[in-house]
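# predicted coordinates and the sequence they were generated for:
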Amino acid sequence: MKEMSQGNRPSAIRTLFVALRHRLPLEGETALFILASTLDAMLTRYLLWNGGPNSGIFFVEANPIPRYFLESWGLNGLTYFKFALVALVAVICQVIARSRIDVARRVLNFASIVVMGVVIYSVVLMMQHR
């Protein structure tokens, strides 16, 4: 790979290539967390979109911070907020894993369990109001 650089600094593309050449630590745990978070975002969108005047049921976002994004920017803003948090947690855990992989693994597993609890609650709400 031809390296383009300025002075003694490697190019951004070269740096990215070197960083991604090796496997990331905790790929499985991170993938599980992203999957659980995606299910949460999809179910939240479904419940908020389908609960309305036609169905006679109104679902609301109970957490005040995501509710702010929902009220300010709509469903897309809420989805962007949720995935920004997912990316933030994943990046922080990858940084932690460089020095303390056991701590990062516990954080990701705990986050996955919490998010799956929210997913299960959303499925229960969906089934109760069909």
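Great, that's in hand.
# got the contact list for the residue positioned nearest the centre of the chain?
Using C-alpha atoms, centre = their mean, the residue of the chain that lies closest to the mean C-alpha position is residue 86, 2.4 Å off. Residue 86 is in contact with 33, 34, 37, counting by C-beta atoms under 8 Å, 6 or more residues apart in numbering. Heads up, the C-betas are built off the backbone N, CA and C, glycines and all.
# ends of stretch 47-58, how far apart?
End-to-end distance for stretch 47-58: 9 Å, by C-alpha to C-alpha, to the nearest Å.
# flag every buried residue along stretch 24-44.
If you call a residue buried by 16 or more other C-beta atoms under 10 Å, then stretch 24-44 has these buried ones: 26, 29-30, 32-34, 36-37, 39-41, 43-44.
# got the contact list for that stretch?
Judged by C-beta under 8 Å, 6+ apart, the contacts made with stretch 24-44 from elsewhere in the structure are 61, 78-79, 82-83, 85-86, 89-90, 93-94, 97-98, 101, 104-105, 108-109, 111-112, 115-116, 118-119, 122-123, 126.
# ok, so of the buried residues of stretch 24-44, who is nearest residue 74?
residue 44 (12.6 Å; C-beta to C-beta).
# just the helices in this structure please.
Counting by DSSP state H, one finds helices in the chain at the ranges 12-21, 27-50, 64-97, 101-128.
# please identify the most buried of these.
helix 27-50 (a mean of 17; mean count of other C-beta atoms under 10 Å).
# and the angle from it to helix 101-128?
Angle, helix 27-50 to helix 101-128, by axes from the mean of the first three to the mean of the last three C-alpha atoms, to 10 degrees: 30 degrees.
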